[in-house]
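>>> Prediction below, plus the sequence it came from.
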Amino acid sequence: MVVVWDLASASYPVYAFPGPRATWEALLGLIRDEELAGSVLLTLQRALTGLGIACLIGLPWGWAAGTWKPVAELTESWAQLLMAIPPIVVVVVGVLWLGPTAGVVLLVVALVTLPLLVTTLRDAVANVDPDLLEMARLFQFGLWGTVRRVIVPAVVPPVLSAVTIALGQSIRLTVMAELLSTATGMGAEVQQARTNLETADVFALSAVMAALTLALELLLLKPLRRRLERYR
C-alpha cells in the first residue's frame, strides 16, 4: 500500500497529494512543534467524555427497552430519529445553542453514538436465550443471580463490540466537530493545515488519528474483551 501510495503521489504536487516521505516529514515537524501531544490528549479527552455520556444514557435506556416492551415501543422512534440526523446538522445546531465551545463536541459525540449503544443493548437483552432464563428460574437464582450469571454474559460481547465501533466514531466525530466549532484539538490543527494548504500535515494528522484508535483498541478494548470472555 505504501508503494502504491508513493507511485500515485509522484504525479501530483505535494500540496495536492503528498507521498509517504512528505507525510512522514510533516509528522516529524508536528512532533517537533510540541503542540501535537496536547492536541491529541485534548481530542482524546473530549471523545472519551462524549462516549461516556452516551454510555451513561444509552446503556440504561437500552436495558430498559430490552426488558420492558412498553419502553421499547415508546422510545424506538427517538432512537431512529437520532440515527437519521446527520452529524453535521448536530454541529450546526450545537453551535447555535452553545456557541463555538467544547460543549458542541460533547453534544455531537454523545448524540451520534447514543442510538448504536441503545439498539445493541436493547436487542441483546431481548434475545437472551429463554431456556437459560427458565433454568435460572427453576434453580432459584433470584434476580441478581439471573442478571449476573445469565443476562450479563449474554449481552456483554455484542455491547463491547458496539462500544468498540462507537469509540472509533467518537474520535472521528470529535475531530469533525473541533474543525467546525473550536480553535483547539486535532480538528483545529486540521483546519489550520487546510487553510495553509499544508496537505502533508492533514495526512500526518489522519495517520495520528488512525494510530490513536488502533492503540485504544489494542491496549484497552482487546484486553477487556479477553477478560470478559474468560468470565463468560
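Sure, I can see it.
>>> For Ile85, what are phi and psi?
Dihedral pair for Ile85: phi -70, psi 120, per degrees, to the nearest 10.
>>> so what's it closest to, chain neighbours aside?
Nearest residue to Ile85 in three dimensions, chain neighbours excluded: Leu111, at 7.5 Å (C-beta to C-beta, 6 or more residues apart in numbering). For the C-beta atoms, the positions are set from N, CA and C on the backbone; glycine is no exception.
>>> likewise Ser39?
Met186 (4.9 Å).
>>> Looks like the one you found contacts Leu41 (just checking).
No: counting by C-beta atoms under 8 Å, Met186 does not reach Leu41; the two are 9.9 Å apart.
>>> ok, those two, which is more surrounded?
Between Met186 and Leu41, counted using other C-beta atoms under 10 Å, Met186 has the larger neighbour count: 26 against 12.
>>> in which helix or strand would I find the more buried one?
Taking DSSP states H and E as the criterion, Met186 maps to helix 185-195.
>>> Keeping just the C-alphas, turn that helix into PDB.
What follows is helix 185-195, C-alpha atoms only, in PDB (Å, rounded to 0.1, in the frame of the first residue of the first chain):
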ATOM      1  CA  GLY A 185      -7.700  20.000  19.400                       C
ATOM      2  CA  MET A 186      -6.800  17.900  16.400                       C
ATOM      3  CA  GLY A 187      -9.700  19.300  14.400                       C
ATOM      4  CA  ALA A 188      -8.300  22.800  14.800                       C
ATOM      5  CA  GLU A 189      -4.900  21.500  13.600                       C
ATOM      6  CA  VAL A 190      -6.600  20.000  10.500                       C
ATOM      7  CA  GLN A 191      -8.400  23.300   9.900                       C
ATOM      8  CA  GLN A 192      -5.200  25.300  10.200                       C
ATOM      9  CA  ALA A 193      -3.300  22.900   7.800                       C
ATOM     10  CA  ARG A 194      -6.200  23.100   5.300                       C
ATOM     11  CA  THR A 195      -6.200  26.900   5.400                       C
END
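>>> Done for today, thanks.
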